[in-house]
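Asker: What shape does this take:
(chains A and B)
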Amino acid sequence: MTAIDLVSIDQALAWKPWAVAYFLVIGAAAGAALIAVAAGLRGGASQARGALRAAAVLALSAPLPLFADLHQPARVLNFYLSGATGSVMWWGAWLMPLFVLATLAATLLDAAGARAGLLRSAFIAMAVFGLGVLGYTAGELWILAARPLWHSLGFPLVLTLTAITSGAGAVLLVPEAAGRAAGLARRVLAVSAALAAVSLGVWILADPRMAALARDHMPLTVIFHVLILGLALPAGLAIANQGRAAAVVAGLAAIWGALAFRWALFTAGQTLSKVETTHYPGPGFTDAAVLQSLVGTLGMIALAVVIVTILVAHVAPAFGPRATADKT
Amino acid sequence: MTFSRRSLLLGGTAATAGAAMAYGFAPTARAFADGVTGKSRAGGVSGASWQPEYSVGPDGSVTPNPDQRVAFTMCMACTTKCGVRVRVDKASGDIIRVTGNPYSPLSADPHIPYDTPVAESFALLSGQGEAGLDGRATACGRGNAALAKYRDPRRILKPLKRAGPRGEGHWVEISWEQLIEEVVEGGDLFGEGAVEGLRAIRDLETPIDPENPEFGPKANQLVVMPVYKNGRLLLAARFAKQAFGTRNLVGHRSYCGLSMRAGYAAFLNNLAAQPHLKPDYRHARFMLFIGTAPGNAGNPFKLQGQLMARARAENGADYVVVDPVLTNSVTQASQERGRWQPIRPGTDGALVMAMIRWILENDRYDRTFLERPSKAAAAAAGEFSHSNATHLVIDSADAPDAGRFLRWGQLDPEAGEDLAKEPVCLTADGTPMPAAAHDGPARLFHDDSVELADGRIVEVSTALSLLRREAEKKSLAEYAADCGVAEARIVEIAQAFTSHGKQAAADCHGGTMHAAGFYTAYGVAMLNALVGNLNALGGTTAGGGSYKAVAPGPRYDLVGFPGKVKPRGVDAGRGGFAYEKTSEYKRKVAAGENPYPARAPWHAFSQPLGAQWLTALLEGYPYRAKALITWSSNPVYGVAGLSAEIDAKIRDPKNLPLIVSIDPFINETSTYADYIVPDRVFYEAWGWTKPWGAVTVKDATARWPVVDCLTGTTADGRHMDMETFFIDVAKRLGLPGFGDGAVPDAEGKLHPLNRGEEFWLYAGANVAFDGTPVPEAAPEEMALTGTDRFAGLMQEVLKPDEWRRVAYVLNRGGRFEALEAGYDGDALAHKYGATLQIWNETVATARNAMTGDRFTGCPTWVAPAFADGTPVDTHFPHADWPLRVVSTKSQLVASLSPVLPHLTDLSGVNAIGLNIEDAAAFGLATGDRVRLTSPGGSVEGYVLARRGVARGTAAIEHGFGHRELGARTYRVGDRVFEKGLGLAAGVASNDLGYRDPSSPVPTVLADPVVGSIARQAIPARIERLGA
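Answerer: Residues are numbered from 1 along each chain as shown, chains lettered A, B, ... in the order given. Okay, the predicted model is just below:
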């Protein structure tokens, strides 16, 4: 994967396909976590559980794709060896792990039946760091003035809204998510998807570069996969049908839409010619790196399901007050 | 059972997940392992990197790494000559990294105050105190990569002598003594017959050709082709011109940027030194680049790129780049500030004349400036420069003084000597006045006849009237048709250019190297006159100058010496000498023949034309050479069409008996040498340079050996290099200016010149003492930069009050004036003072040696043509030759370098760039293999179809398609140096250059006026090759 940039210089794309995977997973994790918090605050821990499981699986799956996106993964420690408060990415290097830890802590505390106060603290931490994650992920892309597609009002807005949509979609896939959490997830999905669709539409109409992307470069991805399949369809399904099958389809479609949006903007953001003169062959779906990022991330999510299942079913109860209560 | 099924499910999922992750994360695992274990010289956490060269504490204190040093010196990876800082590993003596010198205005903006202690300069670079990138000083990609030259396995470290026919690539090593002996004394050196040595050639009395005494003495048959002004040139010049006495020493200008230099020189009235202008980027509001691209081409390219970026981002400056090829100068980052204007190759002159026409017709010119006929009149009006726009020119075609200015003495024979020479202008009421005596506005446009004191009646016109007449030769629509730029767009550019007062500037460069180059460049320069911008803030600058180095300086006179020779005679390339002054011309006239055409073009007011030397010398027109010394120069690669023209002839020693090349590497020219003398690469060398342009303050950049020299040593321990070679040859010949008692100091006492270091240290003393002497260096600063390695040498060569001051300058990589010293209110502090030439009478009175026609004395539009005036497009019509080939400056590859691994990783090959619609019309797509054929040759390469190439253009990035510099196998004794394919990759546009069909004696195509090589706008056709 190379791009011909300025006077025929071959260079690696700075943002690898792993970035698409990471931004999808971490965005969905933050979205699911915020739904869990909202459901938990209104209906107690039991109402939050399905969303919390989704958040835990996704949060646990996020760090490795990000690590894989680093060009020199061995230097990852450098994020933590010096302070760079002016760097959005540096803030992210702290916010993301804190969010993951808070989410896992909330999941374990919930599974162990911890005291409500303790669980509440974990939920608050999860909400704060989750918002931080949404803020930093949008910010670190938006700040790049050299990529006008990213450095626009539309991009951080749609990125954040689709993160919430995909989070809600992930919640709908979890069998435990029933009742109030499922209802909340459906409403959140419908509203965020509708807002994202409207924002994306306005953006396409107002920004000629985005219009060119949607019209000339990636009409299938942007119009069909994002707008129709990924936003309009799940929003409609979430409102119209409350059945399990519809929930699963809406959830998958919402995740697909968020993935397609990230794919379109990351690929196009990097491969649109800076001099507007030449072909910039971007990565194709069958490129090894793209396949590796998708397969690797799916594998990680599957592993995370296993880990969270074991933690929730076997590890946490052994330490919690319920275990103590059982023994007595 | 349930539990077991659940376990199985979990286990199966985990196993599948593990397999998926093993596939997905394998590259990550490899990269991580490589970062941790690869080349484990790393301490700490940062993968395989070196320990930092120093660390900066929270209080700004600097702790140097005792294993490394950081030295400020000068880069020579291209011709920009930036100040760089070089990080050296003391144990191995290797260069680790190259970045920018923060003291140098070429590498930092703004550069730091000169009196900043070196340790503090390190702290300022670190971003300490949240300074971020403010203090950064940069080197470009090429500057970073060129360190590989130092340890390149193909470097020549001992003298070589050819061991077979010329150009075959078989060499043997010889001793230094044998080299000097054979080159000086000659003899039957190759078993091919007697070869004259330099001793026999150095004859300052006997003419080369008694029939043509103007050619000068036999000493002119030594011709010396050095590299560009790289800071060491003046020692080679001291040997060749002032000591040996040949008039034939020439750099690469005639095949680099002569058209641009000559165009500016005609405008700036200094055809000898050829100064040139650059925009004052810091204050300009609008800039127009024609045949150059800021930040991509045109020296200093790195600084111009940085200043351009600041100008558009911080000052809101707009700019237009007129170029057949869109390069780096207009990018998405420039957004609407920068615009690319494609144009048909070779036709920029039409665009420029259309702009001039529109500006004059619509009164968009700076009347106040143009109306002032003299310096005093300009000063009285608050102008910063003045022109001859109002001066009257004798315009009767048949007058003997046609094209000259009307002189006051021609109207008033009684006038005193000073006033008699003065051009005449008319006051507002029409009264004639000597220009210098008139301090008010004068008439801009005037055509009339006037009776001279000698009774003749002649037509006269003001210079500006003549310019208007030339501009009105074609309508805007006709100009637009010629250049392929829409009329409305031309008007739009002209309007923008004239909408910012003096804060607008126009510039050109190598894009004008075509067969209409001189008038194109003169026209671009003229645009600046129309807005009166010279020396004005945001206008144009001729540069801030330099400190005296190799000069009659405050400490040593490095130019004058006892016994200095003044060379005389005709340039071997027929440059700078009028055909009408030759014996050939006079003989023809005496015989009653038409003296025109000459056997090949002569260029009366140009500079020596090195590009034509090899064709001229091998043909013996004007004369033959007996010895050629090249020093790191490579005309065979650099001159379009030369390689094919001379290859067979130069291989025959009878045509040119002795060729010596001084070069660290074997290039396309030194491959024909009889001897190769090793030389230093620039990190090992000494020298002093000044910037090319765009620097508004005084700058003397220093080069000194920041690493140890690797070349062999002579019996007395001196390293083999250019300096040692010329010194030893001069001493053996007993030439003046070398050896003991060769260099006078300010008191007239003579000092020795037995080693190169002496010359460059004397020059350093001049720099250190020019104006207010610099302070003495502290010992700890010398230890930081490594100048302490030369403390003993400096004490030996220099006087006690000099050496520490020279060290102070070397520690900072040169001497640099503060940024503020470049500006003075609304004007630049360093001003160019000569009269700007709306009409140049030297040009106007020169004649085309092939036709006898007088040249026009102001810019005009003449399409690219052969020497006899035949338009190229008539001889090679578009129907048969649909493309015009242009070369573009590479940001990364330098044509003078061997393979630099860091660069081949980035940009391993070039392509043949075509407009995407042209490509479709030819049935071609990106990646197709094609043959591009011109009247002079053909190249085979790959197509890159882009929108950033003008229609009808084939664009080739320069620096590829080498045949030497490692692209070919050669043998030294029993050692075989296998070719590497790196530099052979891609295509060289110069292989498409061609011979001028109108010249009886072979010459490659050049601009008809000044003889600059036509390496742009080469006619070509294209065909697809099989895969």
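Asker: Going by C-alpha atoms from here, please, whenever you check contacts or count neighbours.
Answerer: OK.
Asker: pLDDT weak spots in the stretch 201-350 of chain B?
Answerer: Low-confidence segments of the stretch 201-350 of chain B, defined by pLDDT under 70, are absent.
Asker: Tell me which stretches of the stretch 551-700 of chain B form strands.
Answerer: B:627-631, B:658-662, B:675-677, B:687-689, B:699-703 (DSSP state E, counting those that start in this stretch).
Asker: helices and strands of chain B: which one bottoms out on pLDDT?
Answerer: helix B:901-906 (a mean of 78; mean pLDDT, DSSP states H and E).
Asker: can you pull the buried residues of that helix?
Answerer: By 16 or more other Cα atoms under 10 Å in any protein chain shown, the buried positions in helix B:901-906 come out as B:902-904, B:906.
Asker: ditto for stretch B:787-802
Answerer: B:787-788, B:794, B:797-798, B:802.
Asker: Contacts made by that stretch with the rest, please.
Answerer: B:758, B:761-762, B:765, B:768, B:779, B:782, B:803, B:807, B:810-811 (Cα atoms under 8 Å, 6 or more residues apart in numbering or on different chains).
Asker: same thing but 6 Å
Answerer: Stretch B:787-802 is contacted from outside by B:782, B:803, using Cα atoms under 6 Å, 6 or more residues apart in numbering or on different chains.
Asker: and residue B:99, that one's in a strand?
Answerer: Yes - Residue B:99 forms part of a strand when assessed by DSSP: H, G, I helix; E, B strand; the rest coil.
Asker: now, among the buried residues of stretch B:787-802, which is nearest to residue B:965?
Answerer: residue B:787 (32.1 Å; Cα to Cα).
Asker: Assign a three-state SS to residue B:736, would you?
Answerer: coil.
Asker: With residue B:339 instead?
Answerer: strand.
Asker: so it bridges to which residues?
Answerer: The partner list for residue B:339 in beta bridges (DSSP bridges) reads residue B:320.
Asker: Residue A:255 is in contact with residue A:230, correct?
Answerer: No - between residue A:230 and residue A:255 no contact is recorded; they are 7.1 Å apart, counting by Cα atoms under 6 Å.
Asker: Reformat the buried residues of stretch B:787-802 as JSON lines; add secondary structure and pLDDT.
Answerer: Formatted as JSON lines, these follow (DSSP: H, G, I helix; E, B strand; the rest coil; pLDDT from 0 to 100):
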{"residue": "B:787", "secondary structure": "helix", "pLDDT": "97"}
{"residue": "B:788", "secondary structure": "helix", "pLDDT": "97"}
{"residue": "B:794", "secondary structure": "helix", "pLDDT": "98"}
{"residue": "B:797", "secondary structure": "helix", "pLDDT": "98"}
{"residue": "B:798", "secondary structure": "coil", "pLDDT": "98"}
{"residue": "B:802", "secondary structure": "coil", "pLDDT": "98"}
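Asker: Distance to residue B:841 added to those residues, as TSV?
Answerer: Shown next, in TSV, are the buried residues of stretch B:787-802 (distance: Cα to Cα, whole Å):
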residue	distance to residue B:841
B:787	51
B:788	55
B:794	50
B:797	49
B:798	48
B:802	47
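Asker: of the residues you listed, closest to residue B:600?
Answerer: residue B:797 (49.7 Å).
Asker: in the stretch 51-200 of chain A, which spans are strands?
Answerer: Read by DSSP E, counting those that start in this stretch, the stretch 51-200 of chain A holds no strands at all.
Asker: okay, and for it, where does confidence drop off?
Answerer: For the stretch 51-200 of chain A, counting by pLDDT under 70, the residues that fall below are A:178.
Asker: can you give me the helices for it?
Answerer: Ranges of helices within the stretch 51-200 of chain A are A:63-69, A:88-111, A:116-142, A:154-173, A:179-206, based on DSSP state H, counting those that start in this stretch.
Asker: can you give me how far the shortest one is from the chain middle?
Answerer: Relative to the chain's own centre, helix A:63-69 is displaced by 13 Å; criterion: Cα atoms, centre = their mean, to the nearest Å.
Asker: likewise stretch B:626-637?
Answerer: 17 Å.
Asker: Please export the alpha-carbon coordinates of it; PDB is fine.
Answerer: Extracted as PDB, the C-alpha positions of stretch B:626-637 are listed here (Å, rounded to 0.1, in the frame of the first residue of the first chain):
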ATOM      1  CA  LYS B 626      45.400  20.000 -25.100                       C
ATOM      2  CA  ALA B 627      44.400  19.300 -21.500                       C
ATOM      3  CA  LEU B 628      41.000  19.200 -19.700                       C
ATOM      4  CA  ILE B 629      40.800  19.200 -15.900                       C
ATOM      5  CA  THR B 630      37.300  18.600 -14.500                       C
ATOM      6  CA  TRP B 631      36.600  18.900 -10.800                       C
ATOM      7  CA  SER B 632      33.400  17.300  -9.700                       C
ATOM      8  CA  SER B 633      31.700  18.700 -12.700                       C
ATOM      9  CA  ASN B 634      29.600  16.500 -15.000                       C
ATOM     10  CA  PRO B 635      28.700  18.200 -18.300                       C
ATOM     11  CA  VAL B 636      28.200  14.900 -20.100                       C
ATOM     12  CA  TYR B 637      25.200  14.200 -17.900                       C
END
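Asker: Can you point out the buried residues in it?
Answerer: Within stretch B:626-637, the residues that count as buried by 16+ other Cα under 10 Å are B:626-637.
Asker: go on, stretch B:915-935?
Answerer: B:915-919, B:924-926, B:928-935.
Asker: Surely residue B:506 is in a strand?
Answerer: Yes - assessed with three-state DSSP, residue B:506 lies in a strand.
Asker: any idea how far residue B:856 is from it?
Answerer: 22 Å (Cα to Cα, to the nearest Å).
Asker: Equivalent analysis for residue A:41, please.
Answerer: According to Cα to Cα, residue A:41 and residue B:856 sit 88 Å apart.
Asker: Sort out which residues of the helix or strand encompassing residue B:481 are buried, please.
Answerer: Using DSSP states H and E, residue B:481 falls within helix B:476-483. Judged by neighbour count using 16+ other Cα under 10 Å, the buried positions of helix B:476-483 are B:476, B:479-480, B:482-483.
Asker: And for the following helix or strand past it, what's in contact with it?
Answerer: Later in the chain than helix B:476-483, the nearest helix or strand by DSSP H and E is helix B:487-497. For helix B:487-497, the surrounding residues in contact (Cα under 6 Å, 6+ apart) are B:355, B:477, B:480.
Asker: Apply 10 Å and report the result again.
Answerer: B:285-288, B:318-320, B:341, B:351-352, B:354-359, B:362, B:364, B:475-481, B:486, B:498-499, B:503-506, B:527-528, B:530-531 (Cα atoms under 10 Å, 6 or more residues apart in numbering or on different chains).
Asker: among those, which ones are buried?
Answerer: B:285-288, B:318-320, B:341, B:351-352, B:354-359, B:364, B:476, B:479-480, B:486, B:498-499, B:503-506, B:527-528, B:530-531.
Asker: And chain B, split by domain according to the record?
Answerer: B:5-12+B:862-1024, B:258-366+B:470-541, B:404-437+B:448-461 (automatic domain parsing).
Asker: right, so those domains: which one is the most enclosed?
Answerer: Ranked by average neighbour count under the criterion mean count of other Cα atoms under 10 Å in any protein chain shown, the domains of chain B are headed by domain B:258-366+B:470-541 at a mean of 24.
Asker: So for residue B:973, what's the nearest residue that isn't a sequence neighbour?
Answerer: residue B:172 (4.8 Å; Cα to Cα, 6 or more residues apart in numbering or on different chains).
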